[in-house]
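J.: Predicted structure and sequence below. I'll ask about it afterward.
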Amino acid sequence: MQRTKPQEKDVEQNLRRIQKLQLENSGSISFTKINSNKLHTFLKKNHKMNYFLLRYTMEDLANEIFYEIFEYLDLYDIYKGFYNLNIRFRNLTIHANVLTKINPSIMSNSNFEDYYQNIIKPNQQQINFLRLTNPFAINIIFSSSRTILNFYSLETLILDNLHNKKFEQFFDYFIRLPNLHSLNISLNECIKSLYILFCQIFRLPKLKYCKIEYYIENEKKPLYVDLNYNFSSTIEQLIINGPFPFNTFNNLLCCLPKLKYLSINSIVESHRISEIKELSPIELKYFKNIFLKFDYIHFGKFEKIVKDFFHHVQTLRLTIIGDKRSLDAKQYQELITSYMPYLRIFDINHEYSIEKNDLTYHDIINQFNSSFWIENKWFFTHQHRRTHGSHTGIFYSTVPYRRKHYTYYLTFNNEVCSNIQENLNSVKHLHIVSQGIQNNVLNYFPNVNQLSIKAKSKNRNKPIIAILQRIVPLKQLTTLFIEYSDLSVEDLIKLLYCAPNVHTLHLVELPSNFTDLELIKENEISKYVSNMNKIENLSIRTWITFYEIPFILHFLPKLKYLETQIVTNETQKIIRLLLSETHNRLRNLLYLCIPKISKRSLKEIKILIKSEKLFHNYSIICVNGTLHLWW
């Protein structure tokens, strides 16, 4: 007999049964329930699971059923929800190998201490995957750099928000990890030497995958790095997110003889007077896939790199800003025909300021409609926009393998640009950029889960929500960036009402017209949004004032992480209100991040917490002028 899709009442019934089992077996008032949101999602998707849970007791279910449940839960949820129930469930967690993968979600300071003492520390030797995004958590686990050696089974290591000094201290121990083959590092301070950074990475003897994210103080003056043959690396996949000087690109490739995939999100000109001695090119016979973003790099320089290193490349994705020569179809055709015989995917995104009329620009890009491009099934389209008198053209590929990130410039000249494509199924993060969102939207993005909006509705009679619903399915959004400053509180509430699964919200500033908050509270949609929204992370780019805090208190009761600047002369009032409400309306808040904090405000916060005893267990640091407070 065919089982039907689980009904919502069945899902809720099963959730209650699982949580009842936890409470009956916890033996402690402090027992923490597993994350019901994740389990709710799992039960809604899994028809078989609902079928079994509706007909059998929990104890009757096969071990395989629980293994499947564990895949949808954080290790901490498994530990608190199942590990201490009885011997059977303890053995299940051990034999399910869940203790080998550590990827903690955001949690309180005290809960993490418990997590560390009871899960991480006893299992250090068998952990093969470790991901830490909290700088305090990194300091706790690696309180001594030597502790790294206890993780000798470690294969994959991901560290976000890592201090530069910690990075340098750790590397002597990373080298001694016999199985470490995947490293993902994000630094939270401006680096002063790319040379030291890459020297350290290239020393790792077993490394196959590396992703590195860094910042420099002045992007117009990229750092100097002189690589040579002494730095030959085993890396096969390399992702660099940070300004990388073009004059080092040749030598970088020479240091990676086993390279298969390369991604660099910003290749920039180096204005250093002394030239770097280029190494002789090597054959990269495994080098198949590449993504590069060039910022004002002359096409002739890129052409030389292609001739020397790209013979075996099969997938080439380019984002180019500012070089008009990079729109020459004949040059690309000659390069591909003569130097990239195995190329299957050619994916380009080119942005350039148009000095002449639209038709001249069209004549240039129409060269990409010749038989060569059609026979290879490489198709292109374009948009253009006008802002403050300037005219910018965007030329890009239209193919099924489009990138997951897509910037949508709403077109103002539809008479000329008639070939805009209608669907982009692979896009996950959509950026909408324009002077205003208009009604004549042509594209629909069915699989987007992250949305950035830099434009508002130009038509007052056509609300922004109605227009957005024609572009993306709002219900599946999980992350929302609203990057214009005159957002109304009504629009924000309606948007969150239509996008109920958003858990991360980024704003330029809080809505400006919510002074009559009591009146807004009486609105039925507002009540629903306040009670039902799932937002746990809020980032506000500008300052908030004391009088704006009630908006956060009322609309975001599930908030765990808050990042915002604070008006200096209101520091004490704001911090006192926010932290006192952690026992009431903001009881889930546990992490506060304040960029560009003054020394005076930092001192005031430290004194306030101690004098008024706002916390018993907390950690506080200031990195690069940014305060991190975790409790």
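T.: All right, it came through fine.
J.: give me the low-pLDDT residue ranges for the stretch 401-550 of the chain?
T.: Per-residue confidence for the stretch 401-550 of the chain (pLDDT under 70) gives these ranges: 401-402, 410-423, 434-442, 455-463, 512-520.
J.: Spell out, range by range, the helices that occur in it.
T.: Counting by DSSP state H, counting those that start in this stretch, the stretch 401-550 of the chain has these helices, from start to end: 464-469, 489-498, 517-521, 524-532, 549-555.
J.: would CSV of these with distance to I78 and mean neighbour count be doable?
T.: All C-beta spots, glycine's among them, are computed from the backbone N, C-alpha and C. As requested, the helices of the stretch 401-550 of the chain are arranged in CSV below (distance: least, Cβ to Cβ, whole Å; neighbours: other Cβ atoms under 10 Å):
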stretch, distance to I78, mean neighbour count
helix 464-469, 38, 18
helix 489-498, 31, 19
helix 517-521, 39, 14
helix 524-532, 27, 14
helix 549-555, 32, 19
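J.: will you turn these into CSV that also has distance to V433?
T.: Written out in CSV, the entries for those read as follows (distance: least, Cβ to Cβ, whole Å):
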stretch, distance to V433
helix 464-469, 14
helix 489-498, 18
helix 517-521, 30
helix 524-532, 27
helix 549-555, 27
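J.: which one of those helices lies closest to E71?
T.: Nearest to E71 among the helices of the stretch 401-550 of the chain is helix 524-532; the distance by Cβ to Cβ comes to 26.6 Å.
J.: how far off helix 489-498 does that closest one point, in degrees?
T.: Using axes from the mean of the first three to the mean of the last three Cα atoms, to 10 degrees, the inter-axis angle of helix 524-532 relative to helix 489-498 is 60 degrees.
J.: just checking, what packs against helix 524-532?
T.: In terms of contact count using 3 or more Cβ pairs under 8 Å, 6 or more residues apart in numbering; DSSP states H and E, helix 524-532 is assigned the packing partners helix 489-498, helix 517-521, helix 549-555.
J.: rerun that using 7 Å as the cut-off
T.: Here helix 524-532 touches helix 489-498, helix 549-555, going by 3 or more Cβ pairs under 7 Å, 6 or more residues apart in numbering; DSSP states H and E.
J.: Turn the ones you listed into CSV, including distance to T564.
T.: As requested, the helices and strands packed on helix 524-532 are arranged in CSV below (distance: least, Cβ to Cβ, whole Å):
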stretch, distance to T564
helix 489-498, 16
helix 549-555, 9
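J.: of all the helices of the stretch 401-550 of the chain, which lies closest to I609?
T.: Distances from I609 to each of the helices of the stretch 401-550 of the chain were compared using Cβ to Cβ; the shortest belongs to helix 549-555, at 17.5 Å.
J.: Alpha carbons only: can I get the next helix-or-strand element following the closest one in PDB?
T.: Tracing the chain past helix 549-555, the next element assigned as helix or strand by DSSP states H and E is strand 561-566. What follows is strand 561-566, C-alpha atoms only, in PDB (Å, rounded to 0.1, in the frame of the first residue of the first chain):
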ATOM      1  CA  TYR A 561      23.600  36.900  17.100                       C
ATOM      2  CA  LEU A 562      23.500  40.700  16.800                       C
ATOM      3  CA  GLU A 563      26.100  42.700  14.900                       C
ATOM      4  CA  THR A 564      25.700  46.500  14.800                       C
ATOM      5  CA  GLN A 565      27.500  49.800  15.600                       C
ATOM      6  CA  ILE A 566      26.400  51.700  18.600                       C
END
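J.: Which among the helices of the stretch 401-550 of the chain is found nearest to D172?
T.: Counting by Cβ to Cβ, D172 lies closest to helix 549-555 out of those; the figure is 43.7 Å.
J.: residue contacts, the nearest residue to H554 once chain neighbours are set aside?
T.: In space, H554 comes closest to S530 once its chain neighbours are excluded; the distance is 5.9 Å by Cβ to Cβ, 6 or more residues apart in numbering. Taking Cβ atoms under 7 Å, 6 or more residues apart in numbering, we find S530 in contact with 554-555, 557.
J.: nearest to F170, of the helices and strands packed on helix 524-532?
T.: Nearest to F170, of the helices and strands packed on helix 524-532 and by Cβ to Cβ, is helix 549-555 at 36.4 Å.
J.: Which strands or helices does that closest one pack on?
T.: With contacts taken as 3+ Cβ pairs under 7 Å, 6+ apart, helix 549-555 sits against helix 517-521, helix 524-532, helix 571-580.
J.: Do I have it right that L424 meets N447?
T.: No - with contact taken as Cβ atoms under 7 Å, L424 and N447 are classed as non-touching, separated by 8.6 Å.
J.: Have a look at these two and say which one is more surrounded.
T.: It is L424, of L424 and N447, that has more neighbours when counted by other Cβ atoms under 10 Å, with 21 against 14.
J.: where in the stretch 101-250 of the chain is pLDDT low?
T.: 219-220, 222, 229.
J.: cutoff 50 now
T.: Confidence mapping of the stretch 101-250 of the chain against pLDDT under 50 gives zero matching residues.
J.: Strands of that one, start to end?
T.: Residue ranges of the strands in the stretch 101-250 of the chain, as given by DSSP state E, counting those that start in this stretch, are 101-102, 129-132, 156-162, 182-190, 209-215, 237-241, 244-245.
J.: could you dump those strands to CSV with mean neighbour count?
T.: Below are the strands of the stretch 101-250 of the chain laid out as CSV (neighbours: other Cβ atoms under 10 Å):
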stretch, mean neighbour count
strand 101-102, 19
strand 129-132, 18
strand 156-162, 19
strand 182-190, 18
strand 209-215, 18
strand 237-241, 19
strand 244-245, 22
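J.: among those, which is nearest Q367?
T.: strand 244-245 (30.2 Å).
J.: Which elements pack onto that closest one?
T.: strand 261-268.
J.: quick one, the strand it packs on and strand 209-215 angle?
T.: Relative orientation of strand 261-268 with respect to strand 209-215: 20 degrees, computed using the same axes, to 10 degrees.
J.: buried set for strand 261-268?
T.: In terms of neighbour count (16 or more other Cβ atoms under 10 Å), strand 261-268 has its buried residues at 261-268.
J.: gap between that strand and the chain center?
T.: 17 Å (Cα atoms, centre = their mean, to the nearest Å).
J.: next structured bit after it?
T.: On the C-terminal side of strand 261-268, the nearest following helix or strand under DSSP H and E is strand 289-295.
J.: Direction included, what does that following strand pair against?
T.: Partners of strand 289-295 in the sheet, by DSSP bridges, are strand 261-268 (parallel), strand 315-321 (parallel).
J.: how about those strands in CSV, adding mean pLDDT and distance to D308?
T.: Below are the strands paired with strand 289-295 laid out as CSV (pLDDT from 0 to 100; distance: least, Cβ to Cβ, whole Å):
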stretch, mean pLDDT, distance to D308
strand 261-268, 96, 14
strand 315-321, 94, 15
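J.: I305: which of these is closest?
T.: Closest to I305 of those, according to Cβ to Cβ: strand 261-268, at 9.9 Å.
J.: thought E278 was touching L252?
T.: No - counting by Cβ under 7 Å, E278 does not reach L252; the two are 11.0 Å apart.
J.: coming back round to it: could you export the strands paired with strand 289-295 to TSV, including columns for distance to K454?
T.: TSV is the format used below for those (distance: least, Cβ to Cβ, whole Å):
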stretch	distance to K454
strand 261-268	19
strand 315-321	17
